[in-house]
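S.K.: next comes the sequence, and after it the predicted model I'd like to discuss.
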Amino acid sequence: MTAKISLDKSKIKFLLLEGVHQNAIDVLKAAGYTNIEYHKKALDGEDLINAIKDAHFVGIRSRTFLTEEVIAQASKLVAIGCFCIGTNQVNLEAAKRRGIPVFNAPFSNTRSVAELVLAEIILLMRQVPKANAEVHRGIWNKSAAGSNEVRGKKLGIIGYGHIGSQLSIIAESIGMQVYFYDIENKLPLGNAQQVASLEELLGSCDAISLHVPENASTKNLINAERIAQLKDDAVLINAARGTVVDIDALAAALDAGKLRGAALDVFPEEPASASDPFESPLRKFDNVILTPHIGGSTSEAQANIGTEVSSKFVKYSDNGSTLSAVNFPEVSLPEHAGATRLLHIHENRPGILNKINQVFVDLNVNIAAQFLQTDPTIGYVVIDVELENTNEALARLKEIDGTIKARVLY
Ligand SMILES: NC(=O)c1ccc[n+]([C@@H]2O[C@H](COP(=O)([O-])OP(=O)(O)OC[C@H]3O[C@@H](n4cnc5c(N)ncnc54)[C@H](O)[C@@H]3O)[C@@H](O)[C@H]2O)c1
Ligand SMILES: O=C(O)[C@H](O)COP(=O)(O)O
């Protein structure tokens with residue numbers, strides 16, 4: 001039997017924002033999904049509500065904010081895809097409560113960020129940003145003062161996840177000694193060493209690079225007190241999230257002559273579009289590299305992300321798989337040829353699975369396979385059955401108290 005989706009594929013609307021790569025569209029079309037609304041920019045306010053209100057799937061990058069209010073107005077939404085790593089721009093809880101899994105691309109732009117950071121470390125250790133700015137102004141200041149090789153220097157990485165550990169490998173390959181601080185115990189790659197406290201890292205390293213997520217524990221992680229602990233000639237890099245560094249404290253330190261330089265790719269407030277101005281107290285410093293959140297913006301990364309996240313959409317839509325969803329019980333599913341597949345997302349409360357199974361007892365059908373995953377608040381069960389009357393089964397599943405969403409795949 002050929003797999004057929006409950007709702008005609010041409011009626012399933014995909015809303016893709018922020019110029020996600022063409023691969024995203026190609027993957028959807030190859031899977032038979034043709035109803036794709038594509039925007040090159042982020043949407044907000046009324047424009048976002050109007051576009052999302054009849055969408056089944058929405059794909060965004062880091063600049064579209066899917067708040068509780070926005071998600072509440074998207075009554076048909078089945079899944080959200082972040083075509084990037086970060087998912088802080090989505091209210092993950094609000095999505096989960098409505099039975100909407102959120103997918104991302106957890107490592108498709110990892111290498112791009114690590115390469116940019118390594119380049120910035122080398123440039124800052126050689127004072128290239130300052131030299132470049134001066135030569136542009138006609139000043140020929142040829143000097144070796146304050147200029148160093150990175151070989152043998154200490155790199156301190158804060159957050160040793162995908163990007164931090166990738167940076168560790170490539171920095172070590174050009175001779176840096178790598179130390180890292182992470183709230184979790186992590187396997188040190190190569191000769192890297194984990195340190196027990198942030199203070200230990202801050203006071204001893206020549207370059208510090210941040211690779212933590214945006215959350216309560218990382219807000220202003222690098223504040224005035226911690227900047228004061230850095231070596232006077234250290235370089236500081238933030239390509240994680242803008243909230244991690246207190247920008248005013250950094251500007252004050254740079255004004256006082258602290259630090260050799262800094263590189264920032266992310267900011268507490270980023271312009272929504274190219275026509276909006278970028279304001280920052282850091283703009284005046286020649287020894288600071290400022291980039292417009294382009295750490296993951298390479299052709300390679302964007303192409304990979306387009307394929308990866310759209311493939312997750314297709315798998316969820318065709319097959320029910322939530323593997324690698326960031327806010328949802330993960331169910332990895334086999335093909336379901338020959339059976340009807342019913343998906344039921346529910347509040348995780350006692351007795352609900354019994355009620356679900358009772359539907360099939362009452363209909364006198366055998367359950368061929370059942371896959372269940374729960375977290376403390378919701379459950380996701382996928383049921384394969386040989387069933388003639390799917391409408392009745394679906395209607396009865398939807399009537400069960402505590403049901404959040406139910407759908408059928410043929
Ligand atoms: N500039 C860009 O374009 C760009 C591109 C990709 C990712 N990012 C951002 O980079 C960050 C890291 O990405 P990743 O893929 O390496 O994430 P990851 O989840 O793989 O790693 C994050 C690491 O930070 C650690 N961590 C969390 N809180 C911490 C804390 N308070 N102190 C120390 N360590 C802590 C975690 O244990 C984990 O090891 C994310 O915020 C992501 O959004 C930015
Ligand atoms: O989270 C990420 O992957 C980065 O911040 C990149 O976001 P972007 O897709 O908006 O460039």
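M.R.: Received it, and whenever you're ready, just let me know what you need. Numbers count the residues shown, from 1 in each chain. Ligands and ions are numbered 1, 2, ... in the order given.
S.K.: just the pLDDT at the closest residue to ligand 2 within the stretch 151-300 of the chain, thanks.
M.R.: Nearest residue of the stretch 151-300 of the chain to ligand 2, counting by Cβ to the nearest ligand atom: Gly296, 3.9 Å away. All C-beta spots, glycine's among them, are computed from the backbone N, C-alpha and C. Listed pLDDT for Gly296 reads 97.
S.K.: again with Asn391
M.R.: pLDDT for Asn391: 89.
S.K.: and the next helix or strand past the helix or strand harbouring it?
M.R.: Asn391 is part of helix 390-399, with elements assigned from DSSP states H and E. Next helix or strand after helix 390-399 toward the C-terminus (DSSP H and E): strand 403-409.
S.K.: who does that next one touch, helix- and strand-wise?
M.R.: If you count contacts as 3 or more Cβ pairs under 8 Å, 6 or more residues apart in numbering; DSSP states H and E, strand 403-409 packs onto strand 340-347, helix 390-399.
S.K.: show me the shaky parts of the chain.
M.R.: 1-6, 410 (pLDDT under 70).
S.K.: around ligand 1, pick out the residues from it.
M.R.: The chain comes close to ligand 1 at residues 85-86, 109-110, 113, 158-164, 181-184, 211-214, 217-218, 239-241, 265-266, 293, 295-296, as judged by Cβ under 6 Å from any ligand atom.
S.K.: are any of those buried, and which?
M.R.: Buried by 16 or more other Cβ atoms under 10 Å: 85-86, 109-110, 113, 158-164, 181-182, 211-212, 214, 218, 239-241, 265-266, 293, 295-296, out of the residues of the chain next to ligand 1.
S.K.: that older thread, the residue of the stretch 151-300 of the chain closest to ligand 2 falls within a helix, correct?
M.R.: No: using DSSP: H, G, I helix; E, B strand; the rest coil, the assignment for Gly296 is coil, not a helix.
S.K.: run through the residues that contact it.
M.R.: If you count contacts by Cβ atoms under 8 Å, 6 or more residues apart in numbering, Gly296 has them with 84-85, 109, 112-113, 302, 305.
S.K.: spatially, what comes nearest to it if we skip its sequence neighbours?
M.R.: In this structure, Gly296 finds its nearest non-sequential neighbour in Asn109, 3.2 Å apart by Cβ to Cβ, 6 or more residues apart in numbering.
S.K.: ok, now Gln373?
M.R.: What sits nearest to Gln373 in space, not counting adjacent residues and going by Cβ to Cβ, 6+ apart, is Pro329, at 3.5 Å.
S.K.: phi and psi next, for that neighbour.
M.R.: Dihedral pair for Pro329: phi -60, psi 130, per degrees, to the nearest 10.
S.K.: measure it to Arg349 for me?
M.R.: 15 Å (Cβ to Cβ, to the nearest Å).
S.K.: neighbour-wise, which of those two wins?
M.R.: Pro329 (20 against 13; other Cβ atoms under 10 Å).
S.K.: my read: the more buried one touches Asp375, true?
M.R.: Yes: judged on Cβ atoms under 8 Å, Pro329 makes contact with Asp375 at a distance of 5.3 Å.
S.K.: my read is that Ala207 contacts Lys154, right?
M.R.: Yes: contact criterion Cβ under 8 Å: Ala207 and Lys154 qualify, at 7.5 Å.
S.K.: residues that sit against both of those two, list them.
M.R.: Met176.
S.K.: and these two? Which one has more around it.
M.R.: Comparing Ala207 with Lys154 by neighbour count (other Cβ under 10 Å), the higher total belongs to Ala207, at 27 against 17.
S.K.: ok, that one - contacts?
M.R.: By Cβ under 8 Å, 6+ apart, the contact set of Ala207 is 121, 124-125, 150, 153-156, 176, 234-237.
S.K.: phi and psi next, for it.
M.R.: phi -140, psi 140.
S.K.: and if you look at Ile367?
M.R.: The phi/psi pair for Ile367 (degrees, to the nearest 10) reads phi -90, psi 120.
S.K.: how about Tyr38, what does it touch?
M.R.: Contact analysis of Tyr38 by Cβ under 8 Å, 6+ apart lists 16, 25.
S.K.: could you measure it against Leu124, distance?
M.R.: In terms of Cβ to Cβ, Tyr38 sits 38 Å off from Leu124.
S.K.: could you chop this protein up by domain?
M.R.: Domain segmentation of the chain under the TED database yields 7-104+298-328, 109-290, 329-409.
S.K.: please, where are all the helices along this structure?
M.R.: 22-30, 45-52, 68-73, 92-97, 110-125, 128-136, 162-173, 198-204, 224-229, 247-255, 299-319, 352-362, 390-399 (DSSP state H).
S.K.: export these as JSON lines, with columns for distance to Ala192.
M.R.: Formatted as JSON lines, the helices of the chain follow (distance: least, Cβ to Cβ, whole Å):
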{"stretch": "helix 22-30", "distance to Ala192": "33"}
{"stretch": "helix 45-52", "distance to Ala192": "42"}
{"stretch": "helix 68-73", "distance to Ala192": "40"}
{"stretch": "helix 92-97", "distance to Ala192": "31"}
{"stretch": "helix 110-125", "distance to Ala192": "13"}
{"stretch": "helix 128-136", "distance to Ala192": "26"}
{"stretch": "helix 162-173", "distance to Ala192": "5"}
{"stretch": "helix 198-204", "distance to Ala192": "12"}
{"stretch": "helix 224-229", "distance to Ala192": "21"}
{"stretch": "helix 247-255", "distance to Ala192": "26"}
{"stretch": "helix 299-319", "distance to Ala192": "24"}
{"stretch": "helix 352-362", "distance to Ala192": "45"}
{"stretch": "helix 390-399", "distance to Ala192": "51"}
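S.K.: start to end distance for stretch 103-110?
M.R.: The first residue of stretch 103-110 is 16 Å away from its last residue (Cα to Cα, to the nearest Å).
S.K.: and for stretch 325-338?
M.R.: Stretch 325-338 stretches 27 Å from its first residue to its last (Cα to Cα).
S.K.: now do the contacts for the residue in the stretch 251-400 of the chain that ligand 1 sits nearest to.
M.R.: The stretch 251-400 of the chain approaches ligand 1 most closely through Gly295 (2.7 Å), counting by Cβ to the nearest ligand atom. Going by Cβ under 8 Å, 6+ apart, Gly295 touches 109, 112-113, 116-117, 239, 265-266.
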